[in-house]
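pasting a predicted model and its sequence here:
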Amino acid sequence: MVGLPARGKTYIAKKIQRYLRWLGIKTEIFNVGSYRQKLAGTRIDHTFFDPQNENAMNQRENAAKATLRAMLDWFELQNGTVAIYDGTNYTSARRAWIQKELSAHHIEVLFIESLCQDENVLRENIRDITAKNPDYRDMDPEKAEADFRLRIQHYSDLYETMTENHLTYLKIIDGKQQYIINHVRGYLESRIVYFLMNIQIRPKKIWFSRHGESMFNLEDKIGGDADLSPRGRKYSKRIPELIKERIGDQPLTVYTSSMRRTIQTASHLNYPQKHWKALDELDTGVCDGMTYAEIEEKFPEDFARRDEDKFNYRYRGGESYRDLVLRVEPVIMELEQNDNILLIAHQATLRCIFAYFLDVGHEELPYIKVPLHTLIELIPNAHGCEKSYFKGNIEAVDTFRPKPPADRVTKIKETETLSPPGEMGEIAEDAPYPILPISPRLYPKKVKEESAVH
């Protein structure tokens, strides 16, 4: 990362990390400021960042080197794929050093510079930083903000924006006002640039709901294109009140899947609506329309194997959660680009979307709770994502299936089966690899080639 303090670098870094992890790419952030605080302590005022303070400059250089060393160790020992070196990296000399060190280890480098002159954005960023930074713990907010602005000025005195034509970089100017792209060649680099050109840096609220209770929910059946139950229809009349309580008279766009139960749930919402097949429920293939009890009786070993690796298990003729993540990626881009969206979809689909915003790993993704008849509000920010539930107070069945104990899975697999393994489906062959088809030079690693973002 490259940029003055309070330009959204850490926010961007965390966005990249969350996106790539969601796609199964091992990604880690290495923050120079955190290493500086470990080496030099906290409660440091702006004079520590004065370029005339030689002792402090040496400590800051040592922190930069320690951070880079930790990153290189992570590549080597943890078999990492993408590392994000999060710091100001505000001079061409510092960037030349980074490029030299990483190139010597055969690591491809992409610099991402964030420039911002919008005083309103800077003011909010500074308030957010000083409220959470250990350097300003228990300090008066106005004094903390004044000190931080002096810190920024010290950096500004020596700041050199990126003009190095031989380096690979993306320059983001005032959020999404302008982009400058230089020498971006590789697929993974291009994917990161594509992602960053689709995100909003400012905070926002997004609303979600499952469809109302369906007739298949009452019968404990999966898949299908069932209509709403009587209670589901009651929820369709309640959800306009729930959303009105949250947004007042603000405009709203409603997205549903192409399936009847989501369209019926949105039928009383007096807002523009779009039906998107990418939001359809996970395709259960040969098991469509069956109950879990019927599946367990007919395909006991396959049923156990799915519980063993629910994320990667692909129904025969259908999908896995792994497939679903890739299917909903365009939805993620739509949610990142736009404000005031209510998305009405299905349990598995929403799990995949929530996993992105809440940074939930693949193993736990299929067990995210998405209750019926509940409006869910997400507020992504620089430090994570806030989640709130607003219940419709209309009863519904509970469709959540917790992860079974490992010994139960083993016992089922040891019993005699009524059908050959694989009749119901199988664990995806590409399960060990990232969901996103990245460069073969990176996965599997025959040559030690990684990527670093700075």
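Yep, that arrived.

what is the mean pLDDT for the longest helix belonging to the chain?
Counting residues, the longest helix in the chain under DSSP state H turns out to be helix 54-78. Across helix 54-78, the average pLDDT comes to 96.

show me what that helix is packed against.
strand 27-31, helix 32-40, strand 82-86, helix 92-103 (3 or more CB pairs under 8 Å, 6 or more residues apart in numbering; DSSP states H and E). Yep, even glycine has a C-beta here, placed from its N, CA and C like the rest.

can you list contacts of that helix?
26, 28, 30-32, 35-36, 38-40, 47-51, 80, 83, 85, 87, 94, 98, 101-102, 105, 107, 450, 452 (CB atoms under 8 Å, 6 or more residues apart in numbering).

one more: stretch 169-187?
2, 12, 108, 110-118, 121, 161-162, 165-168, 190, 192-193, 196-197, 200-202, 438-439, 451.

again, only this time at 6 Å
Defining contact as CB atoms under 6 Å, 6 or more residues apart in numbering, one finds that stretch 169-187 is touched by 111-116, 118, 162, 168, 190, 193, 201, 439.

name the SS class of the residue nearest to Q200 when sequence neighbours are not counted, please.
Spatial nearest neighbour of Q200, chain neighbours left out: E336 (6.2 Å); criterion: CB to CB, 6 or more residues apart in numbering. The three-state label given to E336 by DSSP: H, G, I helix; E, B strand; the rest coil is helix.

same question for L342.
L342 ends up strand, using three-state DSSP.

show me where this structure has strands.
All strands of the chain, identified by DSSP state E, fall at 27-31, 82-86, 107-115, 169-173, 178-182, 206-210, 253-256, 273-275, 313-315, 341-345, 374-381, 384-391, 425-427, 450-453.

any chance of a markdown table for the ones you listed, columns mean neighbour count?
Converted to a markdown table, those look like this (neighbours: other CB atoms under 10 Å):
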| stretch | mean neighbour count |
| --- | --- |
| strand 27-31 | 19 |
| strand 82-86 | 25 |
| strand 107-115 | 22 |
| strand 169-173 | 21 |
| strand 178-182 | 13 |
| strand 206-210 | 24 |
| strand 253-256 | 22 |
| strand 273-275 | 14 |
| strand 313-315 | 23 |
| strand 341-345 | 24 |
| strand 374-381 | 18 |
| strand 384-391 | 13 |
| strand 425-427 | 20 |
| strand 450-453 | 24 |
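
correct me, but D283 touches S320?
No - using CB atoms under 6 Å, D283 is not in contact with S320, being 9.5 Å away.

what about the two, which has more around it?
Neighbour count, other CB atoms under 10 Å: between D283 and S320, S320 has more, with 24 against 18.

show me the contacts for the nearest residue to that one once chain neighbours are set aside.
With sequence-adjacent residues excluded and distances taken as CB to CB, 6+ apart, S320 is closest to R314, at 3.9 Å. By CB under 6 Å, 6+ apart, the contact list for R314 reads 320, 425, 428.

look up how far R305 lies from R314.
Distance check for R314 against R305: by CB to CB, to the nearest Å, it reads 11 Å.
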